[in-house]
Every structure is written in structure tokens, then in C-alpha cells.
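**Q** sequence first, then the predicted structure:
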Amino acid sequence: ELGDDGRRWRAMGAFDGAAGARTARLEQSVADGDAYGALQTYKTFHARSLKKGDVHAAVDLLRSGSVALLKHGNLTAGAELALMLVDTLNDGKVEQDDEVKAILLQVADAFEALQGEKAVVAEAAKSEARYLRAAISWSTLKNFGQHPRGDPDLHLRRARTLIRAGSLADASANYLHAGKPAEFAAFLVQWSQLGYRGERDLFLARGVLQLLALENLKDANELHAAFYETLKSKGLSMQASPLTNFVSFLLRTLERDAFPLFQMLCQKYSASTSRDPSFQQYLDRIQEVFFKVKPQKRGMQAMLENMLGMFGG
């Protein structure tokens with residue numbers, strides 16, 4: 001059922017009778033196997049809608065077209081219209097609201113529903129991830145969204161998609177902005193099972209430090225607790241280590257204004273934090289955002305800023 005936003009879209013022409021009949025004919029063409037012809041026709045009608053200044057009709061046409069093409073297994077054509085949809089939102093300066101996000105997620109659902117051999121499903125996940133990356137960029141505050149680094153629901157959907165595509169490091173980057181620390185923790189535990197048992201603490205520390213570098217102490221604390229809870233529920237264990245002790249002490253230290261204690265912790269546990277070269281870069285950022293003390297510039301600073309600032313902000 002359409003709410004106020006839906007009525008606005010319908011009033012702008014996206015749901016009128018003529019458009020509905022045209023969409024039905026195009027969808028039937030796709031079902032009959034003429035995907036290429038339907039794709040060209042979708043593009044033609046899309047261009048006509050834009051020429052008339054009806055961005056909403058153009059977006060709805062691309063939504064229905066990408067869903068129809070993906071439903072019938074036409075991944076390349078469906079993905080092309082999906083990316084055109086996001087481009088149209090950007091070019092039309094369409095502001096984010098629940099209705100537009102529902103449209104974006106409906107297309108994402110169509111990618112996930114695509115059936116076929118394992119390689120086809122994996123390629124569909126990669127295509128969906130590219131589409132969602134574009135949608136996240138549109139949803140950033142500097143563009144037309146409401147969140148500095150993009151909509152959390154879109155980040156969450158992309159993280160899950162990247163897991164299906166086997167891109168675990170990229171999935172982790174999206175979980176940082178998804179606002180679901182318990183699910184992030186479960187993912188990290190699952191990922192840690194692919195490595196050495198003695199390195200499980202690195203997965204916990206990395207997730208906590210990355211969230212702290214984003215000044216998200218709340219999610220960092222929840223992730224820390226959920227990681228241990230997930231281990232327990234799965235019958236797994238993790239030996240206490242200097243690194244796990246450091247992470248626990250760090251979380252407590254950041255609850256108060258205690259820069260000298262932070263410095264002491266970093267110095268005392270430097271051998272442990274040096275196990276991952278990126279940890280020092282996260283600690284430098286944590287020092288800056290929590291204590292307003294600028295760190296010394298280091299060689300990996302640019303790389304860190306690129307990762308933590310993913311999709312803007």
C-alpha cells in the first residue's frame with residue numbers, strides 16, 4: 001500500500017493507466033524471450049519520460065524493467081537498467097525517502113531471486129553489489145540521502161550480498177556502516193573460522209577498532225559483547241590474549257576523558273597491536289576523534305581514510 005510518498009509518485013505519473021498498460025506489454029515481451037528488444041524499448045520510453053520532465057515515471061519504468069528482466073534470467077540487461085535507475089535518481093536530484101528506498105530494495109530482491117547454476121548466482125551477487133554501491137553513493141548526505149556515509153539498510157543489504165559473492169573483506173567494510181553490530185559480530189566469527197584459531201582475536205580487534213575509528217563507541221561495545229556471545233552459542237572458544245585484554249581496556253578507557261591512560265595502553269600493548277599493520281592507523285584515528293589530539297602522519301594514512309570514508313562522509 002502506498003503512503004504519502006507513494007501518492008506523490010503516482011501523482012507525478014509513475015502509476016497512471018497508460019504507463020501501467022505499457023509496462024505490462026513490455027513485461028510480456030520479456031516473458032516471450034525478446035529481452036534485447038524489450039531492453040531497447042525500456043530505454044526509449046525512459047528517454048521520453050525524461051524529455052517530458054517526468055523523472056518519477058522514468059524511475060518506475062526502470063524499476064519494472066530491471067525486475068522483469070532479472071525475473072526471466074536476463075542478468076546483463078537487468079543490471080544495466082538497475083544502474084540506469086540510480087543514475088536517474090542522481091541526475092533528477094531525487095531526494096531519499098522510504099518510497100524510493102523501497103524501489104531500490106525491490107530491484108535488489110530481483111537480483112537475489114535470480115536462479116541458475118552456481119556461477120550465475122555468484123555473478124548476480126557481484127552485479128547486485130555494484131548496483132548497491134551506486135545506490136549507497138546516491139544515499140549519502142553529500143548527495144541526496146540522509147546519512148553521511150549512506151543508508152544503513154543499503155549497507156546491510158550490500159554486506160549480505162558480498163558474503164554470497166565471497167568478498168568477505170568488502171562485506172566487512174559495509175557492516176561498519178550498517179548499524180547491526182550483533183550481525184557484524186556473527187559474520188566476523190564465521191569469517192574467523194576460515195583462519196587459524198590463534199588469530200581469532202585479530203578479527204574481534206579489527207572490527208572493534210574500525211568502529212571506534214568511526215567514533216561509534218556504542219556499536220563497538222555491542223560488537224565486542226556479541227562476538228563472545230556468538231562464540232559461546234556456536235560452542236567455539238577464544239583464548240584470552242594480550243590483544244583481547246587491550247581491546248577490553250580500550251573500550252573502558254574511551255568511556256571517559258583519559259588520554260594519558262590511552263597513551264599508556266597503546267605503549268604497553270604495542271607488541272600485540274603490531275600484529276596487524278593497520279591497527280596503528282586505527283589507533284591514530286581513535287586518538288584524534290576521541291581525544292582531539294592529532295597523530296603523526298604515517299604512510300598508510302591515505303589508505304585508511306579511503307576505507308573508513310567509504311561512500312563518503
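**A** Done, it's in.
**Q** which strand or helix spans the residue nearest to the spatial centre of the chain?
**A** When CA atoms, centre = their mean is applied to the chain, the residue found nearest the centroid is residue 155 (2.1 Å). Using DSSP states H and E, residue 155 maps to helix 152-165.
**Q** and the residue nearest to the centre of the chain, what pLDDT?
**A** Note for residue 155: predicted pLDDT of 98.
**Q** ok, it to residue 271 distance?
**A** Residue 155 sits 34 Å away from residue 271, going by CB to CB, to the nearest Å. The C-beta positions use only the backbone N, C-alpha and C, and glycine is treated the same way.
**Q** thinking again about what came up before, the residue nearest to the centre of the chain against residue 171, yeah?
**A** No - using CB atoms under 8 Å, residue 155 is not in contact with residue 171; the gap is 10.1 Å.
**Q** residue ranges for the helices of the stretch 201-313 of the chain, please.
**A** With DSSP state H, counting those that start in this stretch as the criterion, the stretch 201-313 of the chain has helices at 217-233, 242-253, 259-268, 270-273, 279-291, 301-308.
**Q** to residue 81, which of the ones you listed lies closest?
**A** Closest to residue 81 of the helices of the stretch 201-313 of the chain, according to CB to CB: helix 301-308, at 29.9 Å.
**Q** name the element the closest residue to residue 127 other than its chain neighbours belongs to?
**A** In space, and not counting its chain neighbours, residue 127 is closest to residue 79: 4.2 Å by CB to CB, 6 or more residues apart in numbering. In the assignment (DSSP H and E), residue 79 maps to helix 75-91.
**Q** and that helix, which residues are buried?
**A** Going by neighbour count (16 or more other CB atoms under 10 Å), the buried part of helix 75-91 is 75, 77-86, 88-89.
**Q** also stretch 190-209?
**A** Buried residues in stretch 190-209 (16+ other CB under 10 Å): 191, 192, 200, 201, 202, 203, 204, 205, 206, 207, 208, 209.
**Q** distance of the fourth one from residue 252?
**A** When distance is defined by CB to CB, residue 201 is 17 Å away from residue 252.
**Q** ditto for the first one
**A** Applying CB to CB, the value for residue 191 to residue 252 is 26 Å.
**Q** and if you look at the fifth one?
**A** Going from residue 202 to residue 252 by CB to CB gives 21 Å.
**Q** swap in the last one?
**A** Distance from residue 209 to residue 252, counting by CB to CB: 15 Å.
**Q** which one of the helices of the stretch 201-313 of the chain lies closest to residue 196?
**A** So among the helices of the stretch 201-313 of the chain, helix 242-253 is nearest, using CB to CB, at 13.8 Å.
**Q** could I have the closest one exported to PDB, CA atoms only?
**A** Written as PDB, here are the backbone C-alpha positions of helix 242-253 (Å, rounded to 0.1, in the frame of the first residue of the first chain):
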ATOM      1  CA  PRO A 242      47.200  -9.600  25.300                       C
ATOM      2  CA  LEU A 243      45.300  -8.200  22.300                       C
ATOM      3  CA  THR A 244      41.800  -9.200  23.700                       C
ATOM      4  CA  ASN A 245      42.900  -7.600  27.000                       C
ATOM      5  CA  PHE A 246      43.900  -4.400  25.200                       C
ATOM      6  CA  VAL A 247      40.600  -4.200  23.400                       C
ATOM      7  CA  SER A 248      38.700  -4.600  26.600                       C
ATOM      8  CA  PHE A 249      40.700  -2.000  28.400                       C
ATOM      9  CA  LEU A 250      40.500   0.400  25.400                       C
ATOM     10  CA  LEU A 251      36.700   0.300  25.400                       C
ATOM     11  CA  ARG A 252      36.600   1.200  29.100                       C
ATOM     12  CA  THR A 253      39.200   3.900  28.600                       C
END
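**Q** so where's the longest helix in the protein?
**A** In terms of residue count, the longest helix belonging to the chain (DSSP state H) is helix 118-138.
**Q** from the contact counts, what lies against that helix?
**A** Judged by 3 or more CB pairs under 8 Å, 6 or more residues apart in numbering; DSSP states H and E, helix 118-138 is in contact with helix 75-91, helix 98-113, helix 152-165.
**Q** need these in JSON lines (columns: distance to residue 264).
**A** As requested, these are exported to JSON lines (distance: least, CB to CB, whole Å):
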{"stretch": "helix 75-91", "distance to residue 264": "48"}
{"stretch": "helix 98-113", "distance to residue 264": "45"}
{"stretch": "helix 152-165", "distance to residue 264": "35"}
